[in-house]
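Student: okay, here's the prediction I keep looking at, along with the sequence it came from:
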Amino acid sequence: MKKEIHPENYRLVAFKDMSNGEVYLTKSTVNTKETEVVDGVEYPLVKMEISSSSHPFYTGKMKLVDTAGRVDKFMNRYKKHMDNKKK
């Protein structure tokens, strides 16, 4: 293998699913400013909107995940089209 091409800051990082609060620990080199305490140990934190523990494909539950108001944005954008069809 080539020398000096691998990252130096390879460590355990906490990835948190913000839709259900599930936390996963895995190794990563991602830079982050936030931290999370898991089992009394502080880890760098990466926040995720969705993961396999909350995604409908993996859970088998069809639920609406609207973390950024996407449904409202869609409804506002296409409101004119819906109003025209009603007339």
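Tutor: That came in fine, so what should we check first? Just so we're clear, the structure is a prediction, and the values are computed from it rather than from any experiment. Numbers count the residues shown, from 1 in each chain.
Student: only C-alpha atoms from now on, for both contacts and neighbour counts.
Tutor: OK.
Student: can you pull the contacts of the residue most central in space within the chain?
Tutor: Nearest to the mean C-alpha position of the chain, counting by C-alpha atoms, centre = their mean, stands residue 48 at 1.9 Å. Contacts for residue 48 (C-alpha atoms under 8 Å, 6 or more residues apart in numbering) come out as 15, 16, 17, 18.
Student: could you measure from the third one over to residue 80?
Tutor: Read that as residue 17. Relative to residue 80, residue 17 is positioned 35 Å away (C-alpha to C-alpha, to the nearest Å).
Student: need the three-state assignment for residue 80.
Tutor: Assigned with DSSP: H, G, I helix; E, B strand; the rest coil, residue 80 falls in the helix class.
Student: what's the spacing between the residue lying closest to the residue nearest to the centre of the chain once chain neighbours are set aside and residue 46?
Tutor: In this structure, residue 48 finds its nearest non-sequential neighbour in residue 17, 4.9 Å apart by C-alpha to C-alpha, 6 or more residues apart in numbering. Distance, residue 17 to residue 46, by C-alpha to C-alpha: 9 Å.
Student: name the next helix or strand downstream of the worst-scoring helix or strand of the chain on mean pLDDT, please.
Tutor: Every helix and strand in the chain was compared by mean pLDDT, DSSP states H and E; the lowest is helix 56-59, with a mean of 62. Using DSSP states H and E, the helix or strand that follows helix 56-59 in sequence is helix 70-77.
Student: circling back: which of residue 17 and residue 80 has more residues huddled nearby?
Tutor: Using other C-alpha atoms under 10 Å as the criterion, residue 17 and residue 80 rank with residue 17 on top: 19 against 10.
Student: got the contact list for that one?
Tutor: Residue 17 is in contact with 23, 47, 48, 49, 50, 51, 54, counting by C-alpha under 8 Å, 6+ apart.
Student: a markdown table for those, including pLDDT?
Tutor: Below are those laid out as a markdown table (pLDDT from 0 to 100):
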| residue | pLDDT |
| --- | --- |
| 23 | 92 |
| 47 | 91 |
| 48 | 87 |
| 49 | 81 |
| 50 | 78 |
| 51 | 77 |
| 54 | 72 |
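Student: in these, find the pair that's most separated.
Tutor: The most widely separated members of the contacts of residue 17 are 47 and 54, with 13.6 Å between them, by C-alpha to C-alpha.
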